[in-house]
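*Asks:* requesting a structural model of the entry that follows:
(one chain, ligands or ions: 2)
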Amino acid sequence: MKKILITGGAGFIGSHVVRVFVNRYSDYSIYNLDKLTYAGNLANLSDVEEMPNYTFIKGDIVDAEFIHKLFQIHAFDAVIHLAAESHVDRSISDPMAFIYTNVVGTANLLNAARMLWKNSSGDHLFYHVSTDEVYGSLHNPEDFFIETTPYDPQSPYSASKAGSDHLVRAYHNTYKLPVVITNCSNNYGPNQFPEKLLPLCINNIKNNKSLPVYGKGENVRDWLYVVDHARAIDTVFHGGKVGETYNIGGFNEWRNIDIVHLLCRIMDKKLNRPEGTSARLITFVTDRAGHDLRYAIDASKIMNELGWKPSLQFEEGLEKTVDWYLTNNEWLENVTSGAYQHYYKEQYN
Ligand code: NAD
Ligand code: DAU
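*Replies:* Numbers count the residues shown, from 1 in each chain. Ligands and ions are numbered 1, 2, ... in the order given. Predicted coordinates:
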């Protein structure tokens with residue numbers, strides 16, 4: 001029985017990864033370690049919590065002593081590391097939380113894995129989940145990020161993720177820790193916290209609130225359905241080469257203003273409102289500080305070498321996402337009460 005530690009499993013992407021692994025691999029024991037910050041929510045995993053191969057552990061990856069003991073007690077065979085502070089706007093207002101969790105927290109996990117595995121000949125892997133934002137911003141429309149694109153992070157969030165990627169590679173190079181890294185583009189889908197563009201707009205359209213589009217809405221992102229990211233992680237975990245990096249993306253670029261208009265059309269249809277109703281809520285607001293212009297992933301390596309590809313067309317995925325938010329009112333109401341109200345007021349008023 002393989003023991004796998006998944007960090008950040010109560011968050012958006014982590015919960016989909018936990019679900020894939022728990023359901024697909026009954027011979028693995030899956031341990032989900034999560035601090036349950038504002039972004040962590042055990043309701044995301046209500047369908048797997050009773051599964052015999054699933055265990056939840058509440059804890060903070062920044063606490064080195066706790067992490068060290070946890071690895072001694074459970075002797076994990078592999079780690080899939082997703083726990084992070086993930087929201088760029090929050091990194092602008094409070095960078096230190098990102099440096100502690102994303103840099104120090106990753107270092108703590110690397111140290112614990114190194115200590116545990118150093119005298120063992122077992123089949124181990126430290127899988128680090130990262131972002132395309134480490135590559136910086138593209139300005140030439142023909143350019144794409146490939147695995148060898150030099151790092152050029154521009155926000156405290158992306159700098160903290162770049163720092164963690166460098167540490168992971170350094171532990172492989174220096175201590176021969178078996179690692180793999182994936183860098184993925186923007187995810188969308190069920191269970192995403194409504195501070196991120198798409199769920200924020202879905203929630204605001206529902207409540208007839210304005211849709212804040214930063215700057216002129218001309219920034220471009222590449223979007224991938226979250227379950228396709230979870231499938232890619234499964235593919236790389238089982239077939240990826242140790243020491244390698246794989247970029248993951250949807251070949252699906254959208255300007256923010258265009259994606260918001262598409263979402264508005266879908267919402268009008270779903271809510272039986274006359275076409276154009278939701279789009280009237282679009283409001284251009286002050287741009288994000290240091291806003292990266294364009295991200296675009298070239299995912300050829302994972303597609304050609306490991307046979308992964310996205311399964312959903314974007315409009316189909318977006319409709320599925322809208323349906324999920326419209327039928328999971330209780331989830332949305334729970335996460336948008338309390339601290340969310342305070343964050344929203346600070347961010348947009
Ligand atoms: P999220 O914010 O939804 O979830 C993060 C999870 O980590 C939460 O459950 C939170 O409680 C937990 N966590 C935070 N600090 C912790 C700590 N100190 N100790 C233990 N747990 C802690 O994030 P997400 O969007 O699901 O992103 C997951 C990972 O994927 C991150 O590493 C992120 O950088 C990466 N990523 C995200 C995207 C995206 O579009 N969301 C794209 C590419 C890569
Ligand atoms: O590219 C991968 C990254 O995607 C991940 O590493 C991050 O964890 C994840 O948060 C996401 O970062 P972005 O900054 O791209 O996502 P966000 O949803 O915050 O913003 C998407 C785009 O929309 C971005 O250009 C900023 C813009 N935006 C965002 C918000 C929240 C708006 O115009 N208005 C908004 O209210």
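*Asks:* how about the residues of the stretch 1-150 of the chain by ligand 2?
*Replies:* S86, H87, V88, T131, D132, E133 (Cβ under 6 Å from any ligand atom). Every residue, glycine included, has its C-beta placed from N, CA and C.
*Asks:* which members of the residues you listed additionally contact ligand 1?
*Replies:* Okay, of these touching ligand 1 (Cβ under 6 Å from any ligand atom), that's S86, T131.
*Asks:* need the residues of the stretch 1-150 of the chain next to ligand 2 in JSON lines (columns: secondary structure).
*Replies:* Output for these, formatted as JSON lines (DSSP: H, G, I helix; E, B strand; the rest coil):
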{"residue": "S86", "secondary structure": "coil"}
{"residue": "H87", "secondary structure": "coil"}
{"residue": "V88", "secondary structure": "helix"}
{"residue": "T131", "secondary structure": "strand"}
{"residue": "D132", "secondary structure": "helix"}
{"residue": "E133", "secondary structure": "helix"}
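*Asks:* need the residues of the stretch 1-150 of the chain next to ligand 2 in JSON lines (columns: neighbour count and pLDDT).
*Replies:* Shown next, in JSON lines, are these (neighbours: other Cβ atoms under 10 Å; pLDDT from 0 to 100):
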{"residue": "S86", "neighbour count": "25", "pLDDT": "98"}
{"residue": "H87", "neighbour count": "18", "pLDDT": "98"}
{"residue": "V88", "neighbour count": "22", "pLDDT": "98"}
{"residue": "T131", "neighbour count": "23", "pLDDT": "98"}
{"residue": "D132", "neighbour count": "25", "pLDDT": "98"}
{"residue": "E133", "neighbour count": "24", "pLDDT": "98"}
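*Asks:* and the residues of the stretch 1-150 of the chain next to ligand 2, which two are the farthest apart?
*Replies:* Farthest-apart pair in these is H87 and D132; separation 15.5 Å (Cβ to Cβ).
*Asks:* longest helix in this protein, please.
*Replies:* helix 156-175 (DSSP state H).
*Asks:* off-centre distance for that helix?
*Replies:* 17 Å (Cα atoms, centre = their mean, to the nearest Å).
*Asks:* now do the contacts for whichever residue of the stretch 1-150 of the chain sits closest to ligand 1.
*Replies:* Taking Cβ to the nearest ligand atom, ligand 1 has its nearest neighbour within the stretch 1-150 of the chain at G11, 2.1 Å off. G11 makes contact with D34, A39, G40, N41, N44, L82, A83, S86, F193, according to Cβ atoms under 8 Å, 6 or more residues apart in numbering.
*Asks:* so the second one is in contact with N191, correct?
*Replies:* Read that as A39. No - counting by Cβ atoms under 8 Å, N191 is not a contact partner of A39; they are 10.1 Å apart.
*Asks:* between the two, what contacts are shared?
*Replies:* F12.
*Asks:* which of the contacts of G11 has the most neighbours?
*Replies:* Sorting the contacts of G11 by how many neighbours each has (other Cβ atoms under 10 Å) puts A83 first, at 29 neighbours.
*Asks:* what's the closest non-adjacent residue to it?
*Replies:* Nearest residue to A83 in three dimensions, chain neighbours excluded: G8, at 3.3 Å (Cβ to Cβ, 6 or more residues apart in numbering).
*Asks:* run a quick neighbour tally on E142.
*Replies:* 6.
*Asks:* for stretch 101-117, C-alpha coordinates in CSV please.
*Replies:* What follows is stretch 101-117, C-alpha atoms only, in CSV (Å, rounded to 0.1, in the frame of the first residue of the first chain):
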residue,chain,number,x,y,z
THR,A,101,3.8,29.3,3.1
ASN,A,102,5.0,29.1,-0.5
VAL,A,103,8.8,29.3,0.2
VAL,A,104,9.4,28.3,3.8
GLY,A,105,6.5,25.7,3.7
THR,A,106,7.9,24.1,0.6
ALA,A,107,11.4,24.0,2.1
ASN,A,108,10.1,22.3,5.2
LEU,A,109,8.5,19.6,3.1
LEU,A,110,11.6,19.1,1.1
ASN,A,111,13.7,18.8,4.2
ALA,A,112,11.3,16.2,5.8
ALA,A,113,11.2,14.2,2.6
ARG,A,114,15.0,14.3,2.3
MET,A,115,15.5,13.1,5.8
LEU,A,116,12.9,10.3,5.4
TRP,A,117,14.1,9.0,2.1
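*Asks:* check which residues of it are buried.
*Replies:* 101-114, 116-117 (16 or more other Cβ atoms under 10 Å).
*Asks:* of the residues you listed, list those near ligand 1.
*Replies:* T101, G105.
*Asks:* I am finished for the moment; much appreciated.
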